[in-house]
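Asker: here's a sequence, model it:
(2 chains)
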Amino acid sequence: EAEVAQSPRYKITEKSQAVAFWCDPISGHATLYWYRQILGQGPELLVQFQDESVVDDSQLPKDRFSAERLKGVDSTLKIQPAELGDSAMYLCASSLLGQGGTEAFFGQGTRLTVV
Amino acid sequence: GEDVEQSLFLSVREGDSSVINCTYTDSSSTYLYWYKQEPGAGLQLLTYIFSNMDMKQDQRLTVLLNKKDKHLSLRIADTQTGDSAIYFCAESIPLKLIFGTGTLLAVQP
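Answerer: Residues are numbered from 1 along each chain as shown, chains lettered A, B, ... in the order given. Predicted structure coming up:
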């Protein structure tokens, strides 16, 4: 069964270090999302791609976060430098089209702990 | 603005029905979703309803939508211990999927 792949599953890093997460969406899915989920809260959209283009990054802290999807397939989310408040679950999701009735499939997530 | 709210916690006995409620504010929502998240896992889509529908039933799940009051509910019949998880409602507005804060469902044997 097709699924969204994310790696690593868990990451512990020291504050001020750089960290990167990888996501491979379901084949053929044009839309890719990165969400951040802080413990006890719902997911918050960080960035949304349509193919290789960013369509929404209004909630992405651009001074330290960056995201790319160079070939319109897999994507990388980077944090540099990491801060203690970045500790959270980072979820990647993909869908055939943008939201509006097409199901968004989620990966297992990367749990980041910044110490 | 965009805001989706849910009650934080619900406890039921095994075999009873569970009703999880959600309110949203954006009237331009096209679809509304219910996702399930088990500990340490990603989100699993349970069901969704188009905004011009009032009800949708899918096996043990019943979704009710009151568009006038912007209220969405998920009823789980014959709740099992395996249903214990956090349930998120989400509204779909153009190019965005906005999640609620989640309701922790605890099923007592």
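
Asker: ranges for the strands of chain B?
Answerer: B:4-6, B:9-13, B:18-24, B:31-37, B:43-50, B:55-58, B:61-66, B:71-76, B:85-93, B:96-99, B:103-108 (DSSP state E).

Asker: identify each buried residue in the second one, please.
Answerer: Within strand B:9-13, the residues that qualify as buried by neighbour count (16 or more other Cβ atoms under 10 Å in any protein chain shown) are B:Leu10, B:Val12. For every residue, glycine as well, the C-beta is placed using N, CA and C.

Asker: pairing partners for that strand, with directions?
Answerer: In the sheet, strand B:9-13 lines up against strand B:103-108 (parallel) (DSSP bridges).

Asker: what does the fifth one give?
Answerer: Within its sheet, and counting by DSSP bridges, strand B:43-50 is paired with strand B:31-37 (antiparallel).

Asker: tell me the residues of chain A that contact chain B?
Answerer: Residues of chain A that fall close to chain B, judged by Cβ under 8 Å from any Cβ of the partner chain: A:4, A:33, A:35, A:40-45, A:48, A:55-56, A:91, A:93, A:98-101, A:103-109, A:111.

Asker: how about a cut-off of 10 Å?
Answerer: Listed as neighbours of chain B in chain A under the rule Cβ under 10 Å from any Cβ of the partner chain: A:3-4, A:6, A:9-10, A:31, A:33, A:35, A:37, A:40-45, A:48, A:50, A:55-56, A:58, A:89, A:91-93, A:95, A:98-109, A:111.

Asker: now intersect these with the strands, please.
Answerer: Reading strands off the residues of chain A next to chain B with DSSP E, I get A:6, A:10, A:31, A:33, A:35, A:37, A:44-45, A:48, A:50, A:55-56, A:89, A:91-93, A:95, A:105-106, A:111.

Asker: if any of those residues are buried, put those into a ChimeraX selection.
Answerer: Here is the ChimeraX selection string for the buried members of these, based on 16+ other Cβ under 10 Å:
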select /A:6,31,33,35,37,45,48,50,56,89,91,92,93,95,105,106,111
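
Asker: measure the residue nearest the centre of chain A to chain B for me?
Answerer: Within chain A, one residue has its C-alpha closest to the average C-alpha position: by Cα atoms, centre = their mean, that is A:Trp34, at 2.8 Å. To chain B, A:Trp34 is 12 Å away according to Cβ to the nearest Cβ, to the nearest Å.

Asker: this completes my enquiry, with thanks.
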